[in-house]
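**Q** here is a sequence together with a model predicted from it:
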Amino acid sequence: MPELPEVEAARLIAARVAAGRRITAVWCAGDPIVLEASPASLRRALLGRRVRRAGRHGKHLWLELDRRPWLVVHFGMSGGLYAPKRGGVRLRVSGSRDWRAAWPPRFTKLRLTLDDGGELAFADPRRLGRIRLRHDPRREPPIGDLGFDALRELPPPRRFFELLRARAAPVKAVLLDQAFAAGVGNWVADEVLYQARIDPRRPARSLSPAEGRALRSAMRSVLVTAVAAGADSDRYPRTWLFHRRWERGTATTGGEPIRHDTIGGRTTAWVPAVQR
DNA sequence: CTCAGTGTTCAGTG
DNA sequence: TCACTGAACACTGA
């Protein structure tokens, strides 16, 4: 699920289901890896609380409650937040293929019931996600260590360029660094570099001011567009590299070949004919 | 059976 | 101390 657009979509789900509601039941899986806070402390912190709003910074999502600490979640590689389909059939069985369609979803780690009967479930098959409690999420680690939120706090062009100029690593690696821009992940970084027409291997500090502006604009455009689409990738523009990034040895809409290299520790899809 | 993946962290290096 | 790199983590699906 989880880069900034997907987490923002999850935040909207959380707000729709829980904002203004009281938590009447809490269920926790016995998973000490994903549950950084113990089931007992989670229950103590959440049960009976009223949810004020849902917040997000980068890929972290939290619920503001009427008493601290608050619930903070990170989706890792495979986590997600789910609500029962409105008016849909409640499947009791949650095995096999489309585990997200079942209720509760398979791999559910935390489940909340609200006072109007609404429900939220955090599920994470690969267990790289985390569920935490924090008194002041924005100021404490891990969120306190992050850079600007790539959607809501994009710095002005001058400042953005200065931050870029301070980094010697490949620009792709810098985009992935959450202490630089919180919320940018592998596919967003590749999409941004493609649309800005920049070679992902370039040292960040080697970019010209014009390239810095192009990168910043592309970051804003990709994120605004993906969030407006509700993180539904089928609704992303057909011109985006996203739709072809895993078609090995294939070409973009312009007929240019896609190349795959490991940069910043991640497989990077890019188009040498376009990105310089 | 092996490998890579929409992510983060930590040990090791220079 | 800092910036950076690569491996580890855990599990699923190709």
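**A** The structure has been received and is ready for your questions.
**Q** buried sites along the lengthiest helix in chain A?
**A** When chain A is scanned for its longest helix (criterion: DSSP state H), the result is helix A:209-228. For helix A:209-228, the buried set under the neighbour-count rule, 16 or more other C-beta atoms under 10 Å, comprises A:211-219, A:222-223, A:226-227. No exception for glycine: its C-beta is placed from N, CA and C like everyone else's.
**Q** please apply the same query to stretch A:113-129.
**A** Buried-residue list, stretch A:113-129, by 16+ other C-beta under 10 Å: A:T113, A:L114, A:G118, A:E119, A:L120, A:A121, A:F122, A:A123, A:D124, A:P125, A:G129.
**Q** which one of the residues you listed sits closest to A:R52?
**A** Among the buried residues of stretch A:113-129, A:L114 lies closest to A:R52 (C-beta to C-beta), at 13.2 Å.
**Q** and the closest residue in space to A:E211 that isn't next to it in sequence, how many neighbours does it have?
**A** Nearest residue to A:E211, sequence neighbours excluded (C-beta to C-beta, 6 or more residues apart in numbering): A:I198, at 5.8 Å. By other C-beta atoms under 10 Å, the residues close to A:I198 number 24.
**Q** so what's A:I198 up against?
**A** A:V171, A:L207, A:E211, A:A214, A:L215, A:Q275, A:R276 (C-beta atoms under 8 Å, 6 or more residues apart in numbering).
**Q** quick one: which of the residues you listed is nearest to DNA strand C?
**A** Of all these, DNA strand C sits closest to A:V171, with 10.1 Å by C-beta to the nearest atom of the strand.
**Q** and the closest residue to DNA strand B within chain A, how far from A:G79?
**A** Closest residue of chain A to DNA strand B, C-beta to the nearest atom of the strand: A:G185 (2.0 Å). Computed as C-beta to C-beta, to the nearest Å, the A:G185 to A:G79 distance reads 13 Å.
**Q** need the overlap of contacts for these two.
**A** Here A:G185 and A:G79 have A:P2 as joint contacts, going by C-beta under 8 Å, 6+ apart.
**Q** which of the two has more neighbours?
**A** A:G79 (28 against 21).
**Q** that one contacts A:F122, doesn't it?
**A** Yes. Between A:G79 and A:F122 there is a contact under C-beta atoms under 8 Å: 6.7 Å.
**Q** name the residues contacting each of those two.
**A** By C-beta under 8 Å, 6+ apart, A:G79 and A:F122 have these common neighbours: A:V73, A:G129.
**Q** helices along the stretch 1-150 of chain A, start to end?
**A** Taking DSSP state H, counting those that start in this stretch to define them, one finds helices in the stretch 1-150 of chain A at A:4-18, A:39-46.
**Q** output the below-cut-off pLDDT ranges for the stretch 101-250 of chain A.
**A** Low-confidence segments of the stretch 101-250 of chain A, defined by pLDDT under 70: A:248.
**Q** now, which of the buried residues of stretch A:113-129 sits nearest A:L163?
**A** A:G129 (28.1 Å).
**Q** residues contacting the residue of the stretch 51-200 of chain A at minimum distance from DNA strand C?
**A** At 3.3 Å from DNA strand C, A:A168 is the closest residue in the stretch 51-200 of chain A, using C-beta to the nearest atom of the strand. By C-beta under 8 Å, 6+ apart, A:A168 lies in contact with A:P203, A:A204, A:R205.
**Q** repeat for A:P200
**A** Residues near A:P200 by C-beta under 8 Å, 6+ apart: A:P170, A:V171, A:K172, A:A189, A:D190, A:L193, A:D261, A:I263, A:T268, A:W270, A:Q275.
**Q** what's the second one sitting at in phi/psi?
**A** Dihedral pair for A:V171: phi -60, psi -30, per degrees, to the nearest 10.
**Q** which SS class is A:R205?
**A** helix (DSSP: H, G, I helix; E, B strand; the rest coil).
**Q** does it really touch A:P170, like I thought?
**A** No. When contacts are counted by C-beta under 8 Å, A:R205 is not listed as touching A:P170 (10.6 Å).
**Q** more neighbours: which of those two?
**A** More crowded of A:R205 and A:P170, by other C-beta under 10 Å: A:P170, with 20 against 13.
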